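Q: need the 3D shape of this:
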Amino acid sequence: QVRLKESGGGSVQAGGSLRLSCEATGYAYCMAWFRQAPGKEREGVAGIYPGSGNTYYADSVKGRFTISRDNAKNTVYLQMSSLNPEDTAMYYCAARAVSGCRLRPDAYDYWGQGTQVTVSS
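A: Sure thing, here's the model as predicted:
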């Protein structure tokens, strides 16, 4: 069982930055951030293997978002820069306990409640 709690969302102007945090209890083989805007499907943003630190990203955020982890705090971060209104969404942290990690919602077994990110123009 993995429990996830996100924090760090908020409102920011276009071009600004935010850092999201996801505190986990329990073991996760990989963790990822997803987002879902109103009326749209949930999409993968970035993922990380906490053990190795290896990361993977959606093309839409490469160069702007960085995922990282602090294993001592059991926390994964998503540093978001150069935000634009299209990044507005509810952001969710997800975890998977075994291999098979990919940026698809059905690949993850555990989910947080989400944190809202709103970017104004």
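Q: part of a helix, is residue 106?
A: Yes - the assignment for residue 106 by DSSP: H, G, I helix; E, B strand; the rest coil puts it in a helix.
Q: show me what contacts the closest residue to residue 16 other than its chain neighbours?
A: Among residues not flanking residue 16 along the chain, residue 83 sits closest, at 5.4 Å (Cβ to Cβ, 6 or more residues apart in numbering). C-betas here are computed from N, CA, C, even on glycine. Residue 83 is in contact with 12, 14-18, 64, 117, 119, counting by Cβ atoms under 8 Å, 6 or more residues apart in numbering.
Q: likewise residue 9?
A: 18, 20, 91, 115-117.
Q: let's have these in JSON lines, adding pLDDT, secondary structure and neighbour count.
A: Converted to JSON lines, the contacts of residue 9 look like this (pLDDT from 0 to 100; DSSP: H, G, I helix; E, B strand; the rest coil; neighbours: other Cβ atoms under 10 Å):
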{"residue": "18", "pLDDT": "98", "secondary structure": "strand", "neighbour count": "20"}
{"residue": "20", "pLDDT": "98", "secondary structure": "strand", "neighbour count": "24"}
{"residue": "91", "pLDDT": "98", "secondary structure": "strand", "neighbour count": "24"}
{"residue": "115", "pLDDT": "98", "secondary structure": "strand", "neighbour count": "20"}
{"residue": "116", "pLDDT": "98", "secondary structure": "strand", "neighbour count": "12"}
{"residue": "117", "pLDDT": "98", "secondary structure": "strand", "neighbour count": "22"}
